[in-house]
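A.B. asks: A structural model of the following input is requested.
(2 chains)
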Amino acid sequence: EAQVTQNPRYLITVTGKKLTVTCSQNMNHEYMSWYRQDPGLGLRQIYYSMNVEVTDKGDVPEGYKVSRKEKRNFPLILESPSPNQTSLYFCASSLRGVTNNSPLHFGNGTRLTVT
Amino acid sequence: GQNIDQPTEMTATEGAIVQINCTYQTSGFNGLFWYQQHAGEAPTFLSYNVLDGLEEKGRFSSFLSRSKGYSYLLLKELQMKDSASYLCAVKDRGSTLGRLYFGRGTQLTVWP
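C.D. replies: Below you'll find the model as predicted:
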């Protein structure tokens, strides 16, 4: 089944403890992206990647890192999480950028709580 | 970034028709998407418009007017399962292929 898989679905951690949220897609998509979703603010892009070893900042990249060593994986790294990074995170992918015949496919989300 | 506006909440009854509006301001419009998101779930793609006019897909239609910076999503024959948040997202020509800007979403509640 074609899908975007994020893990974990739920994560509670403490301030400053490094964590990684994994994202994997099995559709051979070139483009992958991370979003966070907060009440009243909608979806905001954190980082995106056009292809292997090509990444760029979105609207809210501070406090996050990403890597794209393989086409299928795009992990989100929080080196020193803080409470303001408590949010619902979505990974998404598309075949080739965001085009009319290449809509975003979203993972099921990761709800992160930083205490 | 972009300035994308949509109503925060709407309500309607089963079987009715509802129109969810989206206005946007962008330096170089290059397409508008509508996504549906049920509570606690991932957004799913509904429609895409890049040229003016109406795109119809079953019970759902989406309209675009580029000169007015305006789009709407029309939902006909509403069903309870249509209760969800509807997200308008705009792609900017000035960006790379990778930037899509989302509105804050419209929470639609369908009553029996």
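A.B. asks: Near chain A, which residues of chain B are found?
C.D. replies: B:1, B:31, B:33, B:35, B:40-45, B:48, B:50, B:87, B:89, B:91, B:96-105 (CB under 8 Å from any CB of the partner chain). C-betas here are computed from N, CA, C, even on glycine.
A.B. asks: and with 10 Å instead?
C.D. replies: When proximity is defined as CB under 10 Å from any CB of the partner chain, chain B approaches chain A at B:1-2, B:4, B:6, B:8, B:30-31, B:33, B:35, B:37, B:40-51, B:85, B:87-89, B:91, B:95-105.
A.B. asks: ok, of these, which come out buried?
C.D. replies: Buried subset of those (neighbour count, 16 or more other CB atoms under 10 Å in any protein chain shown): B:2, B:4, B:6, B:30-31, B:33, B:35, B:37, B:42-43, B:46-49, B:85, B:87-89, B:91, B:95, B:97-105.
A.B. asks: mind listing which of these are in strands?
C.D. replies: In strands, judged by DSSP state E, the following of those are found: B:4, B:30-31, B:33, B:35, B:37, B:46-49, B:85, B:87-89, B:91, B:100-102.
A.B. asks: Give me the below-cutoff pLDDT ranges for chain A.
C.D. replies: Within chain A, the stretches with pLDDT under 70 are A:99-101.
A.B. asks: Closest residue of it to chain B?
C.D. replies: Nearest to chain B, among the residues of chain A, is A:Gly97, at 2.6 Å (CB to the nearest CB).
A.B. asks: Kindly indicate whether that residue is helix, strand or coil.
C.D. replies: Following DSSP: H, G, I helix; E, B strand; the rest coil, A:Gly97 is assigned to coil.
A.B. asks: Could you tell me how many residues sit around it?
C.D. replies: A:Gly97 has 19 neighbours, counted by other CB atoms under 10 Å in any protein chain shown.
A.B. asks: these two touch, right, it and A:Val54?
C.D. replies: No. A:Gly97 lies out of contact with A:Val54 (CB atoms under 10 Å); the separation is 11.3 Å.
A.B. asks: Pretty sure A:Gly58 is one of the things A:Thr32 touches, is it not?
C.D. replies: Thr isn't right for residue A:32; it's Met. No. Contact criterion CB under 10 Å: A:Met32 and A:Gly58 do not qualify, at 11.8 Å.
A.B. asks: and those two? which has more neighbours close in?
C.D. replies: Neighbour count, other CB under 10 Å: between A:Met32 and A:Gly58, A:Met32 has more, with 29 against 21.
A.B. asks: now the more buried one, what's its secondary structure?
C.D. replies: Of the three states, A:Met32 takes strand according to three-state DSSP.
A.B. asks: number of nearby residues for residue 26?
C.D. replies: Let's take chain A. Neighbours of A:Asn26 using other CB under 10 Å come to 12.
A.B. asks: hmm, I had chain B in mind actually
C.D. replies: B:Thr26: 20 neighbours (other CB under 10 Å).
A.B. asks: remind me, longest strand of chain A?
C.D. replies: Using DSSP E, we find that the single longest strand of chain A is strand A:42-51.
A.B. asks: Check which residues of the next helix or strand after that one are buried.
C.D. replies: Downstream of strand A:42-51, the next assigned helix or strand under DSSP states H and E is strand A:54-57. By neighbour count on 16+ other CB under 10 Å, the buried set for strand A:54-57 is A:Thr55, A:Asp56.
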